[in-house]
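1. Only the shape, not the letters, is given here:
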């Protein structure tokens, strides 16, 4: 199933009567279950594209369909609902609540959820924490964790609502190579279980965990390679 379908998408920002054009006629399809990496130098438009795909921003023009629904016609309330129910986020800065337990950080997206019964929330949180291998740390406070553990908590939090797609924005940017590899292996396993992953990164080794690498330059797609997974498990280039 085609999850995301955008055609002739443009984005520009206007400040003090200065128009900055960022994206120029992007055409892109992402199928359910794909693991996609979006790469590009600073100013290429990769973060702007991710913000639009994840309903954090709107395109200036063009068509954007999510699960065959025209998202460009949605108001802010509908977009907020999509963010809360269909999307999970993993950020470079972790964005965890300070001095708050792992369990309560992961539970946060369920706090105002109406589709989950209160008695089932604890089970969902436990399952998400287990999925990232942090059962033994669920009662620890966020400030008692290493950087790699914090990012694994962020992944568990992104998972807890069972979203259709997980967006990971430079998830290894603040981690050492060993912790970064552990985080990417978790995302890889989630992809193998059928979860759609959209990763934004400037690191080629990180991108090579994906099945498909899209490269942007100056607001346009310059390559879209999806023949096969480049990184062989257990081997370094």
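-> Looks like it arrived, so ask away. Quick caveat, the model's predicted, so the values are computed rather than measured.
2. show me where the protein has strands.
-> Listed in chain order, the strands of the chain (DSSP state E) span 2-15, 18-31, 35-39, 61-66, 69-70, 87-91, 165-169, 196-200, 212-217, 220-225.
3. Quickly run through the sheet partners of the second one, with directions.
-> Think strand 18-31. strand 2-15 (antiparallel) (DSSP bridges).
4. Check which residues of the partner strand are buried.
-> Using 16 or more other CB atoms under 10 Å as the test for burial, strand 2-15 gives 3, 4, 5, 6, 9, 11. From N, CA and C alone the C-beta is placed, and that goes for glycine too.
5. Same list (the strands of the chain) but as JSON lines, adding distance to residue 52.
-> Output for the strands of the chain, formatted as JSON lines (distance: least, CB to CB, whole Å):
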{"stretch": "strand 2-15", "distance to residue 52": "7"}
{"stretch": "strand 18-31", "distance to residue 52": "8"}
{"stretch": "strand 35-39", "distance to residue 52": "12"}
{"stretch": "strand 61-66", "distance to residue 52": "7"}
{"stretch": "strand 69-70", "distance to residue 52": "14"}
{"stretch": "strand 87-91", "distance to residue 52": "12"}
{"stretch": "strand 165-169", "distance to residue 52": "11"}
{"stretch": "strand 196-200", "distance to residue 52": "11"}
{"stretch": "strand 212-217", "distance to residue 52": "13"}
{"stretch": "strand 220-225", "distance to residue 52": "14"}
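6. Quick check: which ranges of the chain have low pLDDT?
-> 112-118, 227-237 (pLDDT under 70).
7. Nearest to the middle of it, which residue? Look it up for me.
-> The chain has residue 167 as the residue nearest its centroid, 0.7 Å off, counting by CA atoms, centre = their mean.
8. separation between the closest residue to that residue other than its chain neighbours and residue 78?
-> Once flanking residues are discounted, residue 167 sits nearest to residue 54: 4.7 Å by CB to CB, 6 or more residues apart in numbering. Relative to residue 78, residue 54 is positioned 14 Å away (CB to CB, to the nearest Å).
9. which other residues reach the longest helix that the chain contains?
-> Longest helix in the chain by number of residues (criterion: DSSP state H): helix 177-192. Here helix 177-192 makes contact (CB atoms under 8 Å, 6 or more residues apart in numbering) with 33, 35, 131-133, 146-148, 151-152, 155, 159, 166, 168, 171-172, 175, 197, 199, 206, 209, 211.
10. Can you flag the buried ones in the residues you listed?
-> 33, 35, 131-132, 148, 151-152, 155, 159, 166, 168, 171-172, 175, 197, 199, 206, 209, 211.
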